[in-house]
Structure formats: structure tokens, C-alpha cells
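# Just a sequence and a predicted model for now, questions to come.
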Amino acid sequence: MKIAKYLHSCLIFELDGYKLLFDPGKFCFAEGDVQPEMFSDVNAIIITHIHPDHLDVDNLKKIIKLSDAPIYTTAQVGEVLQKQDIAHNIWQDGTHQLGPFKLQAITVKHAIIMDNPLPQMLGFVINDKVLHPVDSMEDELLRYKGIELLIMVTMAPFANEIMISTFADKLQPKQILPVHDGYAKEFFIKQRYEAYTKHFNNQGIKFHNIYKVSDSISV
């Protein structure tokens with residue numbers, strides 16, 4: 001399974017020629033380095049929650065027009081898409097199959113945000129190897145301790161380095177793929193990721209230091 005990063009929390013999972021796109025939000029398109037045309041061949045799209053760094057309706061329309069890919073999302077996001085006449089499928093907790101991908105959808109609690117109601121949000125366990133908790137670091141997720149790969153928030157208004165690293169230390173994944181870094185300039189991301197790499201090396205966890213458009217790993 002190949003996982004490619006397209007800035008912030010926008011990811012493409014690829015296996016056996018099937019491409020699954022997660023969260024093409026506003027941050028990944030903000031500076032023009034990522035364009036909807038890059039996603040013209042995706043087979044399906046998942047939107048995890050309503051926040052704009054995960055959902056960009058205007059660019060989502062362009063991606064759908066190019067790819068004709070179905071959308072899978074929460075009821076709350078579905079309300080927004082319905083108003084825009086965008087076809088979509090509502091997912092609940094449970095196991096879903098998209099091509100070669102087994103997706104265990106789990107309702108997860110978004111980390112606390114200042115003066116903002118928490119959104120309805122789905123996290124995923126993908127092919128029993130990858131935990132994608134999106135913007136959650138709740139203790140309930142520790143039941144996946146020892147999983148092969150954690151997709152980990154690395155910076156956010158709702159988190160700091162200590163909160164993030166403590167969660168990952170408890171989870172003890174074998175590897176970490178960093179996301180949620182669209183807030184920062186490259187020099188700061190590099191500094192932050194060097195610190196994370198050093199910390200997780202001491203824990204016996206491989207931290208993949210990737211942040212540029214289409215950088216990828218395989219698991």
C-alpha cells in the first residue's frame with residue numbers, strides 16, 4: 001500500500017491500481033502547489049469532517065468532474081454537500097470495502113477547539129495496518145496499540161508537541177506518517193520534524209520525515 005501526501009491532511013492511498021483520496025481541503029490548494037487535476041484518476045473520495053482544512057467544496061466539485069469518483073462522508077458533511085447538489089454516500093461506524101481497501105470506520109472525538117463546536121468526525125483503520133485518527137487523540141484509540149502505522153497530527157491550534165508525542169508514545173505504532181502541517185513554512189516544518197524524528201527514534205518508532213507534494217511511503 002502506497003500513501004502519498006498532498007500537503008496538510010490530503011492523502012492518496014494506492015493499492016493494486018486503486019486510488020483512495022482523503023480530505024482534499026483548502027490548505028492543500030491554498031498556495032497553488034496542488035491542483036484538482038492531480039486527482040483526476042482517483043477512484044473514491046473520503047471526507048472525514050466538516051472543517052475547511054479537510055473540506056473544500058469548490059475544489060471538490062472540480063475533482064468530481066474530472067474523476068467521477070464517489071464521495072463517502074459523515075451526515076454533517078453530507079448536509080453541506082446536499083446544498084451544493086453534490087452526490088455523496090453517508091457512512092456510519094463499521095467495516096466498508098472500497099476496491100482493495102478494507103476500511104473500518106470509527107466515530108472519533110475531535111480535539112477541543114477554542115470557541116468552536118466539535119464536528120462529527122470519522123477515523124479509520126485501513127487494511128488492519130494503518131490508524132488514521134484524523135484530528136483525534138482520545139484514549140479510546142489506544143486499543144490499537146502497536147499498529148503498523150499511525151497517521152499523526154504534528155501541529156494544530158488544538159495540540160502541542162507534548163500532547164502529540166505523549167499520545168503516540170502510548171500508542172506505540174511501528175511507524176508514523178506526519179500530517180496536519182499546512183500551517184507552517186518549510187523551515188519550521190523541517191525543524192519540527194527533526195525534533196519528532198529524534199524523539200521517536202528513542203522510542204523505537206520510525207518517523208517518516210515527509211512534507212512535500214506527492215512525497216510517499218509504502219507499508
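Looks like it came in fine.
# Partner strands of whichever strand in the chain runs longest and their direction?
Counting residues, the longest strand found in the chain (DSSP state E) is strand 101-107. The pairing partners recorded for strand 101-107 under DSSP bridges are strand 94-98 (antiparallel), strand 122-126 (antiparallel).
# Report the rounded mean pLDDT for the last one.
The reference is to strand 122-126. On average, the pLDDT along strand 122-126 is 98.
# quick one: the helices in this protein?
26-29, 57-67, 75-83, 161-171, 186-202 (DSSP state H).
# most neighbours per residue, which of these?
helix 26-29 (a mean of 21; mean count of other CB atoms under 10 Å). Bear in mind the C-beta positions are built from the backbone N, C-alpha and C, glycine included.
# Buried residues, stretch 173-181. List them.
The neighbour-count check on stretch 173-181 (16 or more other CB atoms under 10 Å) flags 173, 175-181 as buried.
# Sorry, wrong one. I was asking about stretch 142-155.
Counting neighbours by 16+ other CB under 10 Å, stretch 142-155 gives 144, 147, 149-155 as buried.
# quick check, distance from it to the centre of its chain.
12 Å (CA atoms, centre = their mean, to the nearest Å).
# ends of it, how far apart?
By CA to CA, to the nearest Å, the extent of stretch 142-155 from end to end equals 20 Å.
# Mind checking the pLDDT average for that stretch?
Mean per-residue pLDDT for stretch 142-155: 97.
# before we move on, the earlier item: got the buried residues of stretch 173-181 as a markdown table, with pLDDT columns?
Conversion of the buried residues of stretch 173-181 to a markdown table gives the following (pLDDT from 0 to 100):
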| residue | pLDDT |
| --- | --- |
| Pro173 | 98 |
| Gln175 | 98 |
| Ile176 | 98 |
| Leu177 | 98 |
| Pro178 | 98 |
| Val179 | 98 |
| His180 | 96 |
| Asp181 | 95 |
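# one step back: any chance of a markdown table for the helices of the chain, columns mean pLDDT?
A markdown table is the format used below for these (pLDDT from 0 to 100):
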| stretch | mean pLDDT |
| --- | --- |
| helix 26-29 | 96 |
| helix 57-67 | 98 |
| helix 75-83 | 98 |
| helix 161-171 | 97 |
| helix 186-202 | 96 |
